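In: below: sequence and its predicted model.
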Amino acid sequence: MIALSPEVSDPAPIAADQHALSPSAGGLLINIDNGGTLTDFCVIDGANVYRTKSVTTPYDLSKCLFDGLKKTSRTLYGHEDLLRLLLSTDHVRYSTTQGTNALVERKGQRLGLVLAGLAADDLQRDSQQRGVFADLVGKRVATLDLSLDDTALETATTQAINQLASAGANRIVIGVGGAQRDSGEPRLKNMLLRKFPPHLLGAIPLLYSQDVVQDVDDSRRIWTALFNAFLHPAMERFLYSSEHRLREYKTKNPLLIFRNDGDSARVSRTAAVKTYSSGPRGGAEGLKALAAHYGFQRLLGMDIGGTTTDICLVENGSVRTDRRGRIEGVVTSLPLCDVVSAGVGGSSIIKVVEGKIKVGPESVGGAPGPACFGLGGKKATVTDAFLVMGLLDPTTYFGGELKIDVERARSAILENVGKPLDLTPENAAEAMEAAWAATVVRSLKAYTDITSDTTLAAFGGAGPFIACKVAEATGVSKIVIPGLAAVFSAFGIGFSDVAHEYEARLAAANNVALKAALQELAERAKRGMFAEGFDLADCTIAKHLQLDEERIDLLDEKLPPGLSEGAGLTLVLKATKTIAHAQMHRNFGGQRKAALAHAARRTLSSGSWVELPLYHVEDQVDAVQAKGPCVLEEAFFTCRIESGWRFEINEARDILVSRA
């Protein structure tokens, strides 16, 4: 969202026939997306969908969580009744950007690293790896020689741990590579459990790379373990604190954490590294459901918030994913949704550099925010520009909860853009809009080719603003704006199931080894799903073989023909328990009534002021349509429909904008 209000209005149902629960699901679904500035709530109650926002409280993230839940209960019941809300809820699914933010800001643990079979230089082969390694580990590295006998190795290992602790490490990752990668870490674990038993007060946590992920690539595996170790403590403290508070209300089911692989699991079954970038994955899962329902073959997501534009793609029903995703530019063992974050948003600073307008990547954030917020900000942003151009109304902005000041916006634009370019505030505002749109367009084109079947999905607080101009510049002829655009990532979380993947490397490329691995993973899956509260017999089981980067589906319990005896195979088993989802209803097309115009809005376009029809989304009772130019406004977003475009709002409040 671009508006960072200290107080956010109570939620209201989006529509009486929004995206409803399946008939078999009777309780509420609560989906929560915890962002750096605002925390979004999407609550599905039968045929009604409610949404609200609370201001993120980084000093205690459970506070903003419960603030939002209390506000939701007030809307559902007319008074605050958190106990009733939680007892009526089937599932609470939660995602957070806190891990992502912690890595970006380098606010986390001081890691130590014990290596054997490889050197620290093997983890620092490019400038990106070197930079992140310096920030997370630095010189806190010890190397062991596994050719030593047990007595000598135990002494060396003890000295290494003591040395790293003395150097300031408060968590230590242990990684073994090369020929002894399978046997080396268990050998060291047995020694270290005797020397540093974890039950003692002040014991330093010792984390083994193969406990986090199975990957024959030593660098990827150890990097994944380092990221997990860095994120773990902060995530653990907050998530367990929140879960314990929920248990005080005797919730039926545990808090589910939405992961960056698109699935969910309870706190105790979630690796911290899998919370990284989970928020954008929620948006991608929402787009996947939207594409499947409306038949979009290629849906390009443009999620514009205050600081960044998150771009993702759903093509032929699948979210574009990197088999080996990158965290902070470093390749890891995990598959990650291919989301690119461009440094342009509603609060991006716009200034003049060497006679040209420059957009971002710096942002004023929520404090002090755009100049028009009146919170002390002096920098110019596109939010200020849209206010000066008349696209935004000070009385209705952000549901009327945040009063914005057009004169402060004019002053900031004149000082930062107008004077350097010898332009009036109004002309400077139009130039700022053009530069802002061009930055978004460049980011979209750099991410993917724009084909004739590409539909643009505009969501987030700033996504819909000038989506038509962005579409025209990219060659897109259709735009979809979800009815829940302002909380769309939270909505998307609700399409996840409870699932876990288990991996085991085959001892040999034959059916005997395969059978043994299948039995091992089936037992692990049985225990894991039991811990989630489910019987494995009630879960869907998927199996495949991983050969280097190639995935081979395993349709029966035999290896496919043609595999060489020396092939390095990994068996992957995934157990999934389907839980209640939101269901998509309604469609586009057919006979539509004329949209009900609320009033007119005086806006600046191409140097001239014009009166444009204004349509409030909430005022449209039935499925409606209208042609541009006009302004389309909802409590948490505004969209200018350009000449030559038309919009259609269906009964689910989803909006299709297409060329007239």
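Out: Everything's here; your move.
In: may I ask you to name the longest helix in the protein?
Out: helix 218-247 (DSSP state H).
In: next SSE after that one?
Out: Per DSSP states H and E, the first helix or strand lying C-terminal to helix 218-247 is strand 256-258.
In: so how far is Ser88 from Leu82?
Out: From Leu82 across to Ser88, the span is 11 Å (Cβ to Cβ, to the nearest Å). Placement of C-beta: from N, CA and C, glycine included.
In: same thing with Glu433?
Out: 45 Å.
In: where does the stretch 201-350 of the chain have low pLDDT?
Out: Within the stretch 201-350 of the chain, the stretches with pLDDT under 70 are 201.
In: which residue ranges form the strands in it?
Out: 206-208, 256-258, 264-266, 298-304, 309-315, 318-319, 321-322, 326-327, 330-331, 336-337, 340-342, 348-353 (DSSP state E, counting those that start in this stretch).
In: the fifth one to strand 298-304, inter-axis angle?
Out: With axes from the mean of the first three to the mean of the last three Cα atoms, to 10 degrees as the criterion, the two stretches strand 309-315 and strand 298-304 enclose an angle of 170 degrees.
In: quick one: distance of strand 309-315 to the chain centre.
Out: Distance, stretch centre to chain centre, for strand 309-315: 11 Å (Cα atoms, centre = their mean, to the nearest Å).
In: please apply the same query to the first one.
Out: Taking Cα atoms, centre = their mean, the mean C-alpha location of strand 206-208 is offset from the chain mean by 27 Å.
In: so which of the strands of the stretch 201-350 of the chain is the most surrounded?
Out: Counting by mean count of other Cβ atoms under 10 Å, strand 256-258 has the highest mean neighbour count of the strands of the stretch 201-350 of the chain, with a mean of 29.
In: elements contacting that strand?
Out: Packing partners of strand 256-258 (3 or more Cβ pairs under 8 Å, 6 or more residues apart in numbering; DSSP states H and E): strand 89-96, strand 264-266, helix 278-294.
In: give me the contacts around the shortest one.
Out: It refers to strand 264-266. By Cβ atoms under 8 Å, 6 or more residues apart in numbering, the surrounding residues in contact with strand 264-266 are 93, 254-259, 493, 496-500, 531-532.
In: if you set the cut-off to 6 Å instead, what comes out?
Out: The contact list for strand 264-266 (Cβ atoms under 6 Å, 6 or more residues apart in numbering) reads Arg93, Pro254, Leu256, Phe258, Ser496, Val498, Glu532.
In: state the distance from the fifth one to Asp263.
Out: Right, Ser496. In terms of Cβ to Cβ, Ser496 sits 5 Å off from Asp263.
In: who's more crowded, those two?
Out: Ser496 (26 against 22; other Cβ atoms under 10 Å).
In: that one falls within a helix, correct?
Out: No. With DSSP: H, G, I helix; E, B strand; the rest coil as the criterion, Ser496 is located in coil rather than a helix.
In: that one and Asp261 touch, don't they?
Out: No. Counting by Cβ atoms under 6 Å, Ser496 stays clear of Asp261, with 9.3 Å between them.
In: please name the nearest non-neighbouring residue to Lys250.
Out: Leu87 (6.8 Å; Cβ to Cβ, 6 or more residues apart in numbering).
In: and the one you found, what pLDDT?
Out: On the pLDDT scale, Leu87 is placed at 91.
In: helix/strand/coil for the closest residue in space to Gly483 that isn't next to it in sequence?
Out: Nearest in space to Gly483, with sequence neighbours left out and distances taken as Cβ to Cβ, 6+ apart, is Arg653 at 3.1 Å. The three-state assignment at Arg653 reads coil, by three-state DSSP.
In: do the same with Val359
Out: strand.
In: distance of it from Tyr294?
Out: Remark: distance between Val359 and Tyr294 (Cβ to Cβ) = 32 Å.
In: the more surrounded of those two?
Out: Val359 (22 against 17).
In: what is the more buried one paired to in the beta sheet?
Out: Counting by DSSP bridges, Val359 is bridged to Ile350.
In: is it in contact with Thr439, as I believe?
Out: Yes. With contacts counted by Cβ under 6 Å, Val359 reaches Thr439, the gap being 4.5 Å.
In: show me the contacts for the closest residue to Glu243 other than its chain neighbours.
Out: If the residues on either side of it in the chain are set aside, Glu243 comes closest to Leu255, at 4.6 Å by Cβ to Cβ, 6+ apart. When the contact criterion is Cβ under 6 Å, 6+ apart, the partners of Leu255 are Val92, Glu243, Leu246.
In: one more: Glu532?
Out: Arg266, Val498.
In: any figure for the gap between it and Ala499?
Out: 9 Å.
In: for Asn427, same thing?
Out: As for Asn427, its distance to Ala499 is 54 Å (criterion: Cβ to Cβ).
In: between these two, which one's more packed in?
Out: Just comparing Asn427 and Ala499: by other Cβ under 10 Å the higher neighbour count belongs to Ala499, 22 against 16.
In: in the sheet, who's paired with that one?
Out: Counting by DSSP bridges, Ala499 is bridged to Thr576.
In: picking that back up, reformat the helices and strands packed on strand 256-258 as a markdown table; add distance to Ala446.
Out: As requested, those are arranged in a markdown table below (distance: least, Cβ to Cβ, whole Å):
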| stretch | distance to Ala446 |
| --- | --- |
| strand 89-96 | 26 |
| strand 264-266 | 32 |
| helix 278-294 | 17 |
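In: which residue packs closest to Thr381, ignoring adjacent ones?
Out: Residue nearest to Thr381 in three dimensions, not counting chain neighbours: Pro370, with 4.2 Å by Cβ to Cβ, 6+ apart.
In: the one you found reaches Ala385, doesn't it?
Out: No. Pro370 is beyond contact range of Ala385, at 9.4 Å (criterion: Cβ under 6 Å).
In: more neighbours: which of those two?
Out: Neighbour totals were compared for Pro370 and Ala385, and Pro370 leads with 34 against 30 (other Cβ under 10 Å).
In: quick one, the helix or strand encompassing Ser658 and helix 278-294 angle?
Out: Here Ser658 sits within strand 655-659, counting by DSSP H and E. Orientation check (the same axes, to 10 degrees): strand 655-659 against helix 278-294 gives 70 degrees.
In: how about strand 655-659: buried residues?
Out: Neighbour counts over strand 655-659 (16 or more other Cβ atoms under 10 Å) mark Ile655, Leu656, Val657, Ser658 as buried.
In: and what of stretch 538-558?
Out: In stretch 538-558, counting by 16+ other Cβ under 10 Å, buried: Cys539, Lys543, Leu545, Gln546, Leu547, Leu554.
In: tabulate the residues you listed (a markdown table), appending pLDDT.
Out: Below are those laid out as a markdown table (pLDDT from 0 to 100):
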| residue | pLDDT |
| --- | --- |
| Cys539 | 97 |
| Lys543 | 94 |
| Leu545 | 91 |
| Gln546 | 85 |
| Leu547 | 83 |
| Leu554 | 88 |
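In: which of those residues fall in strands?
Out: Residues from the buried residues of stretch 538-558 lying in strands, with DSSP state E as the criterion: Lys543, Leu545, Gln546, Leu547.
In: what's the closest of those residues to Ser127?
Out: Lowest distance from Ser127 to those (Cβ to Cβ) belongs to Gln546, with 29.5 Å.
In: what bridges to the closest one?
Out: Residues in beta-bridge contact with Gln546 (DSSP bridges): Arg551, Thr570.
In: please begin residue numbering at 33 from this point
Out: All set: I'll call the first residue 33, so the last point we hit is now Gln578.
In: where in the stretch 83-232 of the chain is pLDDT low?
Out: 133.
In: what segments of it are strands?
Out: Under DSSP E, counting those that start in this stretch, the stretch 83-232 of the chain gives strands at 121-128, 143-148, 173-176, 203-208.
In: which elements pack onto the shortest one?
Out: With contacts defined as 3 or more Cβ pairs under 6 Å, 6 or more residues apart in numbering; DSSP states H and E, the secondary structure elements packing on strand 173-176 are strand 143-148, helix 182-198.
In: what about 10 Å?
Out: With contacts taken as 3 or more Cβ pairs under 10 Å, 6 or more residues apart in numbering; DSSP states H and E, strand 173-176 sits against strand 143-148, helix 182-198, strand 203-208.
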